[in-house]
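In: predicted model follows, preceded by the sequence.
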Amino acid sequence: MDALIKSLRPSKPSDVKPADSKIPEIRPAELDPAEFLAAAVRADQPRPSRAEAEAAVATLLGYIGENPDREGLLDTPRRVVEAYDELYQGYHQCPAEVLNRTFGETAGYDDFVLIRDIEFTSQCEHHMMPFYGRAHIAYTPVERVVGLSKLARLTDIFARRLQTQEHLTAQIAAAIDEVLKPRGVAVMIEAEHTCMSVRGVAKHGASTFTSRFTGMFRDNPAEQARFLSMVRGPRAHERRGPAKDHRKRRGVVFQPLAQRGVAQGRNLGPCPARGRDAAGLRSGCDLDPGRANGGRVPHRPALVLLSQD
Ligand SMILES: [Zn+2]
């Protein structure tokens, strides 16, 4: 199997059910796309009312020993339900719809397209606690390509549902497979689970990696290796030299006024663009974290931009 999965949960023996003690084998090819390739909530699906949801939050407040009527908590049920609306909006969004807008102009391009470092936050379905990290997605288009931001949106749609990291990985791969019908898909997700870092064994900084390969990535170990080395390789903004009006001296990054709206010469600290771009593209980042040779190294992008939308 493709997935490299380290056990995350549970910490207490009493939590361990016999069925949970074995890591399930994920076979996305056998997933029924109908189960996840649409908005997960149908219009006619009965839902508790908002007032009922807020009352449930008040119940939980009472359960933990709080007084839900004290002043500081009066608006908490409303806020929690609003936060849920945001964190779980993926149930109302359709992944297939996002991927259906494609472009036909591949200009003979026949290699894979990799979008790296798509940041996401999801909620684990076992504890309803966040896990967050980065997704790396590659696919080899056949004739049609999808706008790069769409893969970031796809990730968010699935991430904004209750998930396991394994299923999140599998669903992203299967959705791209099903809708774009590419020659292959590779998805790797690295994440930290707060149900492991702030409760349970309370180990901070442990990363969980999952991966899924289909088509040519599944069948060709050399393509898998190339995908993994590009995922692990230097970031685009670490490869490129500074633009002509950018300088880096002794850890202080200079950047033109117009670009960031801050005074030139101010120490901007770590690259603010890092990880910000929803599509994971570093092309917009003009900070140079460490070229000592005067920045004359030509920019060799790790990503190939086929289409922008
Ligand atoms: Zn969990």
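Out: Nice, I can see it.

In: helices or strands next to the helix or strand hosting residue 188 in the packing?
Out: Per DSSP states H and E, residue 188 falls inside strand 184-193. Other helices and strands packing on strand 184-193, by 3 or more Cβ pairs under 8 Å, 6 or more residues apart in numbering; DSSP states H and E, are strand 130-140, helix 165-180, strand 208-214, helix 215-219, helix 221-232. C-beta: built from backbone N, CA, C; applies to glycine.

In: identify the residues contacting whichever residue of the stretch 1-150 of the chain sits closest to the ion.
Out: Of all residues in the stretch 1-150 of the chain, residue 124 sits closest to the ion, at 3.2 Å by Cβ to the ion. Counting by Cβ atoms under 8 Å, 6 or more residues apart in numbering, residue 124 touches 9, 130-131, 162-165, 193, 195.

In: what's downstream of the strand holding residue 188, the next helix or strand?
Out: In N-to-C order, the element after strand 184-193 by DSSP H and E is helix 194-197.

In: now that next one: buried residues?
Out: By neighbour count on 16 or more other Cβ atoms under 10 Å, the buried set for helix 194-197 is 194-197.

In: can you lay out those residues as CSV showing pLDDT?
Out: Output for the buried residues of helix 194-197, formatted as CSV (pLDDT from 0 to 100):
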residue, pLDDT
194, 95
195, 92
196, 89
197, 90
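
In: out of the residues you listed, which touch the ion?
Out: residue 195 (Cβ under 5 Å from the ion).

In: which of the buried residues of helix 194-197 sits closest to the ion?
Out: When the buried residues of helix 194-197 are compared against the ion (criterion: Cβ to the ion), the nearest one is residue 195, at 3.0 Å.

In: how much space between residue 114 and residue 232?
Out: To residue 232, residue 114 is 12 Å away according to Cβ to Cβ, to the nearest Å.

In: in the stretch 151-300 of the chain, where is pLDDT below threshold?
Out: Residues of the stretch 151-300 of the chain that meet the criterion pLDDT under 70 lie in 236-237, 239-300.

In: interface residues of it facing the ion?
Out: residue 195.

In: now name the helix or strand holding residue 38.
Out: Counting by DSSP H and E, residue 38 is found in no helix or strand.

In: now the strand holding residue 188 - C-alpha only, PDB.
Out: The C-alpha coordinates for strand 184-193 follow below in PDB (Å, rounded to 0.1, in the frame of the first residue of the first chain):
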ATOM      1  CA  GLY A 184      -1.800   9.700 -12.800                       C
ATOM      2  CA  VAL A 185      -2.100  11.500  -9.500                       C
ATOM      3  CA  ALA A 186       0.200  11.800  -6.500                       C
ATOM      4  CA  VAL A 187      -0.800  13.300  -3.200                       C
ATOM      5  CA  MET A 188       1.200  13.600  -0.100                       C
ATOM      6  CA  ILE A 189       0.000  15.200   3.100                       C
ATOM      7  CA  GLU A 190       2.100  16.000   6.100                       C
ATOM      8  CA  ALA A 191       0.200  17.200   9.200                       C
ATOM      9  CA  GLU A 192       0.200  17.600  12.900                       C
ATOM     10  CA  HIS A 193      -2.700  16.400  14.900                       C
END
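
In: could I get the buried residue list for it?
Out: Going by neighbour count (16+ other Cβ under 10 Å), the buried part of strand 184-193 is 184-193.

In: check stretch 203-221 too.
Out: Residues of stretch 203-221 classed as buried: 208, 210-218 (neighbour count, 16+ other Cβ under 10 Å).

In: need the helices and strands packed on strand 184-193 in CSV (columns: distance to residue 43).
Out: Formatted as CSV, the helices and strands packed on strand 184-193 follow (distance: least, Cβ to Cβ, whole Å):
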stretch, distance to residue 43
strand 130-140, 28
helix 165-180, 21
strand 208-214, 31
helix 215-219, 34
helix 221-232, 39
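
In: with respect to residue 148, which of the ones you listed lies nearest?
Out: strand 130-140 (9.8 Å; Cβ to Cβ).

In: what strands line up against that closest one, and which way round?
Out: Next to strand 130-140 in the sheet, as set by DSSP bridges, lie strand 113-124 (antiparallel), strand 184-193 (antiparallel).

In: any bit of it sitting next to the ion?
Out: No. Using Cβ under 5 Å from the ion, strand 130-140 stays clear of the ion, with a minimum separation of 7.1 Å.
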